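> Sequence and computational prediction follow.
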Amino acid sequence: MIDVASIRADFPILDVEISDGVPLVYLDSGATSQKPEVVIQAMNDYYRNQNANIHRGVHTLAEISTNDYENARAKIAKFIGGAKSKEIVFTRNATEAFNLVAFSWGRANLKEGDVVVLTEMEHHANLVPWQMIAEQTGARLEFIPVGEDRLLDLSALPELLAMKPKLVSFSQMSNVTGTITPAKEIIEMAHAAGALAMVDGAQSVPHIPTDVIDLDADFLAFSSHKMCGPTGLGVLYAKAELLEAMPPFLGGGDMIKRVKLREFSTNSIPHKFEAGTPAIAEVIGLGAAIDYLSEIGMEAVEEHDRELTRYALERLEEVPGVHVFGPEAEFKSSNAAFTMDDAHPHDVSEILNRYGVATRAGHHCAMPLHEKFGIQSTTRASFYIYNTTEEIDKLIEAIYKVKEIFA
């Protein structure tokens with residue numbers, strides 16, 4: 001188990017008081033995680049001591065910045081299981097990574113009648129881009145259903161794969177229910193049917209060990225800001241041969257090898273997909289976050305987060321009128337979304353905030369999943385390495401205050 005007290009001391013924001021004498025209980029890491037001091041300092045150091053553009057200069061600051069930027073890329077490749085550095089593409093966020101694949105690979109490979117298989121639990125980032133591409137290409141979308149147990153109903157997958165889809169794209173961990181999907185099994189089935197497989201790792205990469213080589217994923221998208229890194233940065237992993245064959249997504253500086261007035265040739269991967277000045281400080285910050293998580297150990301992170309989840313579910317189930325939206329604890333991690341009788345989730349979250357407890361209320365960018373089960377929205381408490389069982393107890397105490405108000 002991890003030393004939570006020591007970890008909490010690394011996060012300056014955890015000393016903040018929401019109001020006079022009301023300490024922060026931050027249970028919204030599913031939306032964005034907090035940042036340790038080492039990440040903040042790494043970004044500050046870049047701006048204070050070496051600020052320069054990368055890849056284009058031969059002066060000292062440019063070379064230092066380029067080395068730090070590319071070293072961070074190598075760290076990320078290792079962190080997700082030994083990918084090659086050239087298979088790591090930086091984007092603005094995981095959402096842009098999905099759009100990159102949809103608009104580059106999708107436009108080049110999908111035509112009328114082709115099938116893309118998604119799931120009913122997808123975040124809008126892994127849904128809307130494919131809807132847009134389907135409208136443009138004439139392809140159609142099919143969906144792996146979610147059962148009443150809030151798990152994917154994989155019994156429906158063989159029938160979907162019989163349609164010979166070009167791609168199966170799915171979340172490894174739901175941002176609403178916390179459901180952990182059998183990613184390796186789904187990828188193996190997709191490949192056996194001749195389809196590529198893309199994984200939404202926005203929730204899973206921060207919380208469980210990831211090995212893209214073992215998974216044999218063709219694409220993996222995740223976000224820096226959910227794993228102790230800065231906002232404004234996402235990561236796309238893609239097999240090198242796929243990136244080589246895909247047309248560029250954006251045009252401009254650094255993604256080119258040569259430009260004439262009427263034509264251009266592209267740079268080598270991954271730079272082919274990184275047009276313009278990138279988020280240099282943010283990439284360096286993510287590199288520091290990778291070092292931080294690696295020192296803790298992702299197996300320890302996973303164990304801690306799942307223990308917190310189990311404890312939270314036990315405590316929530318004690319409260320009359322609270323209904324948890326998700327599977328049993330053994331099938332999930334890192335969050336607990338719930339509804340309360342006679343109280344709207346937004347009201348619940350607002351009242352919890354009065355007691356310092358930060359949660360998320362809404363559809364969590366997964367409207368179809370909520371609608372499937374007749375729920376407009378939920379309140380979501382989500383956990384990470386700096387959270388404690390005592391903070392979950394404070395959540396439960398605050399929920400009882402909500403009940404008193406709406407009694």
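Arrived safely.

> where along the stretch 201-350 of the chain do the helices fall?
Counting by DSSP state H, counting those that start in this stretch, the stretch 201-350 of the chain has these helices, from start to end: 212-215, 240-245, 280-296, 298-317, 345-354.

> In its sheet, which strands sit next to whichever helix or strand comes after the last one, and in what direction?
Following the chain from helix 345-354 toward its C-terminal end, the next helix or strand by DSSP states H and E is strand 357-358. The strands that strand 357-358 pairs with in its sheet are strand 25-26 (parallel) (by DSSP bridges).

> Quick one: residues in contact with the strand it pairs with.
Judged by Cβ atoms under 8 Å, 6 or more residues apart in numbering, the contacts made with strand 25-26 from elsewhere in the structure are 13-14, 34, 355-358, 386-387, 391, 394-395. All C-beta spots, glycine's among them, are computed from the backbone N, C-alpha and C.

> could you redo the last one with a cut-off of 10 Å?
Contacts to strand 25-26, defined as Cβ atoms under 10 Å, 6 or more residues apart in numbering, come from residues 11, 13-14, 16, 18, 32-34, 352-353, 355-359, 381-384, 386-388, 390-395, 398.

> PyMOL command for the buried members of those?
To isolate the buried members of the contacts of strand 25-26 in PyMOL, using 16 or more other Cβ atoms under 10 Å:
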select buried, resi 11+14+18+32+33+34+352+353+355+356+357+358+359+381+382+383+384+386+387+388+391+392+394+395+398
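
> Buried residues of stretch 191-199, list them for me.
Of the residues in stretch 191-199, those scored as buried under the neighbour-count criterion (16+ other Cβ under 10 Å) are 193, 195-199.

> mind checking how far that stretch is from the chain centre?
On the basis of Cα atoms, centre = their mean, to the nearest Å, the separation between the geometric centre of stretch 191-199 and that of its chain is 20 Å.

> what about that stretch, how long is it end to end?
Distance between the two ends of stretch 191-199: 13 Å, counting by Cα to Cα, to the nearest Å.

> How about stretch 74-91, which residues are buried there?
Of the residues in stretch 74-91, those buried by neighbour count under the rule 16+ other Cβ under 10 Å are 75-77, 79-81, 83, 85-91.

> ok, which pair from the residues you listed is furthest apart?
Considering Cβ to Cβ, no two members of the buried residues of stretch 74-91 lie farther apart than 81 and 91, which are separated by 19.4 Å.

> ok, residue 47 touching residue 61?
No - contact criterion Cβ atoms under 10 Å: residue 47 and residue 61 do not qualify, at 11.5 Å.

> quick one, which of the two is more surrounded?
Ranked by neighbour count (other Cβ atoms under 10 Å), residue 47 and residue 61 place residue 61 first, with 14 against 11.

> Skipping adjacent residues, who's closest to the more buried one in space?
What sits nearest to residue 61 in space, not counting adjacent residues and going by Cβ to Cβ, 6 or more residues apart in numbering, is residue 52, at 3.7 Å.

> Kindly report the same for residue 237.
Residue nearest to residue 237 in three dimensions, not counting chain neighbours: residue 220, with 4.2 Å by Cβ to Cβ, 6+ apart.

> and the buried residues of stretch 191-199, which of them are in strands?
For the buried residues of stretch 191-199, the ones inside strands are 196-199, with DSSP state E as the criterion.

> Using TSV, lay out these together with pLDDT and distance to residue 181.
Rendered in TSV, the data for these read as follows (pLDDT from 0 to 100; distance: Cβ to Cβ, whole Å):
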residue	pLDDT	distance to residue 181
196	98	17
197	98	12
198	98	13
199	98	9
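
> from these, which single one is nearest residue 307?
In terms of Cβ to Cβ, no member of these lies closer to residue 307 than residue 199, at 24.7 Å.

> Contacts only, for that closest one.
When contacts are counted by Cβ under 10 Å, 6+ apart, residue 199 is found next to 126, 168-173, 181, 183, 186-187, 205, 210, 212, 215, 217-222, 237.

> Bridged to it, which residues?
For residue 199, the residues forming beta bridges with it (DSSP bridges) are residue 170, residue 220.
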